[in-house]
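A.B. asks: Fold the following and give me the result.
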Amino acid sequence: MSARTGGPEPQPRRTLHGLSDVRAFFHTNTVPLYFISPTPFNLLGIDRWVRNFFYLTYFDSFEGDHPRVFVPRRRNRMDFDSMEDVCNYLLRDPETLEFIARRGPGGKACFVMLDEATQAFAHEVGLEVMQPSWELRHRLGSKIVMTRLAEKAGVRSVPHVIGRSGCYDDLLALAQGAGLGENLVVQAAYGDAGTTTFFCARSARLGPARRGPGRAGTQGDAAYPQRGGVPGGRGDSARHHGRPRDDKPRRLPGADPEQGRLVRQ
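C.D. replies: Alright, predicted model coming up:
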C-alpha cells in the first residue's frame, strides 16, 4: 500500500508495510480531512484513528460536546430534499468555510452522497474530493450499467431482461420474450431504497393495458420474475451477490400465495 505524505505541495508516495505502518501514517497525518454530511454517523469514531479528521454537519448530534464535530451556529432552518442538498448548503455556509480556511490549504473532503454541484463547490473552496469523481459514481450508480458489468465479469443475476417500456403491453412483450412470465418486478436505472422498484401483477388483475410509471426516458428498465426473488436494498440486480442475505420470506399486501414468494435482503 502506498500513500501521499500530505501537505499543500504534492509529496512523493510512501510505501506502507502492514497495519502498524498504516496506523502510524494516519496518527501522524497533517492534512485536514473533512467528512461533510447531515450527521457524523457514517464515519463516527474514525477521528480516534486519523489525526486532523473533522466532521462538518448540519445537525448537532452531540449538542456541542464533540471536539471534532463542527456545526454552524447560524444555520437556516430548512427542509432538504436529499443528503446532497445538505452537503451543498454546508459548502456555501460562511461559518463552515471559515472553519475550513482556519485549518489551512490542502484539505480533503469525503461524503456519503454527493452530486455534480457538491463536487464543484468542494473544488471552489480548495478541497480535494477523496472519492471517485461524480461522473464515475453516477455511471456506476446505474443499476442497468452494474447489471451489464456483472454479466461481463461472470457474476450471475436473477433472470431479467433490460429494455424500454411505455405501457404495460410493452413491458409484457419484453418479459415474455425473455421467458419471465407475467408477475414482474420492474426496476428503473436510478433510485434509492426501492423508490423506483415496481411490482406488477398478472394482466387479469390489472385489467386493460395501461400506462406504466413513465420510465421510457430512463436508460432502461430491468424486469424480473417475482417467483425467482428480487434484489433487495437499492434494487440492484448485480451487487447483492456480495452481501448477506435475509432468507425470511416477506409477502406484499395482497400477494398471490400461488405465485411463489418475494425475498428481500
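A.B. asks: and Q131, what does it touch?
C.D. replies: 110-111, 114, 137 (Cβ atoms under 8 Å, 6 or more residues apart in numbering). C-betas here are computed from N, CA, C, even on glycine.
A.B. asks: cool, and Q119?
C.D. replies: Shown in contact with Q119 (Cβ under 8 Å, 6+ apart): 129, 133-134.
A.B. asks: of these, closest to F54?
C.D. replies: V129 (15.5 Å; Cβ to Cβ).
A.B. asks: do you know how far that closest one is from P12?
C.D. replies: 22 Å (Cβ to Cβ, to the nearest Å).
A.B. asks: Tell me where the model's unsure across the stretch 1-150 of the chain.
C.D. replies: Scanning the stretch 1-150 of the chain for pLDDT under 70 picks out the ranges 1-11.
A.B. asks: Show me the strands in it, by range?
C.D. replies: 2-4, 13-15, 33-37, 53-57, 69-70, 108-110, 128-129 (DSSP state E, counting those that start in this stretch).
A.B. asks: Would you mind pulling up the elements that the fourth one packs against?
C.D. replies: By that I understand strand 53-57. strand 33-37, strand 69-70, helix 94-102 (3 or more Cβ pairs under 8 Å, 6 or more residues apart in numbering; DSSP states H and E).
A.B. asks: tilt between it and helix 94-102?
C.D. replies: 170 degrees (axes from the mean of the first three to the mean of the last three Cα atoms, to 10 degrees).
A.B. asks: so how far is strand 53-57 off the chain centroid?
C.D. replies: Computed by Cα atoms, centre = their mean, to the nearest Å, the chain-centroid distance of strand 53-57 equals 20 Å.
A.B. asks: same question, the last one
C.D. replies: The offset between the C-alpha centroid of strand 128-129 and the centroid of the whole chain comes to 18 Å, using Cα atoms, centre = their mean.
A.B. asks: which ones are touching the residue nearest the centre of the chain?
C.D. replies: Nearest residue to the geometric centre of the chain (Cα atoms, centre = their mean): M113, 6.3 Å. Residues in contact with M113 (Cβ under 8 Å, 6+ apart) are 82-84, 87.
A.B. asks: so where do the helices sit in the chain?
C.D. replies: Ranges of helices within the chain are 18-27, 83-90, 94-102, 116-124, 134-140, 143-152, 168-177, 203-206, based on DSSP state H.
A.B. asks: Out of those, which one sits most buried?
C.D. replies: helix 83-90 (a mean of 22; mean count of other Cβ atoms under 10 Å).
A.B. asks: roughly how far is it from the heart of the chain?
C.D. replies: 15 Å.
A.B. asks: If you count contacts, what does it end up packed against?
C.D. replies: strand 33-37, helix 116-124.
A.B. asks: Let me see the residues that make contact with stretch 85-100.
C.D. replies: So stretch 85-100 is in contact with 32, 34, 36-38, 54, 56-58, 70, 72-76, 78, 80, 107, 111, 113-115, 117-118, 121-122, 124-127, going by Cβ under 8 Å, 6+ apart.
A.B. asks: and with 7 Å instead?
C.D. replies: Stretch 85-100 has contacts (Cβ atoms under 7 Å, 6 or more residues apart in numbering) with 34, 36-38, 56, 58, 70, 72-75, 80, 107, 111, 114, 117-118, 121-122, 125.
A.B. asks: cool, stretch 21-39 as well?
C.D. replies: Contacts of stretch 21-39 (Cβ under 7 Å, 6+ apart): 1, 3, 6-7, 16, 43, 49-59, 61, 83, 86-87, 90-91, 100, 103-104, 106-112, 127.
A.B. asks: Buried ones only from those residues, please, as a ChimeraX command.
C.D. replies: Of the contacts of stretch 21-39, the buried ones can be selected in ChimeraX as follows, counting by 16 or more other Cβ atoms under 10 Å:
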select :6,16,50,52,53,54,55,56,57,58,83,86,87,90,91,100,106,107,108,109,110,111,112,127
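A.B. asks: and P72, what is it in contact with?
C.D. replies: Taking Cβ under 7 Å, 6+ apart as the test, what P72 contacts is 93, 95-96.
A.B. asks: and L56, what are its bridge partners?
C.D. replies: Beta bridges link L56 to I36, F70, judged by DSSP bridges.
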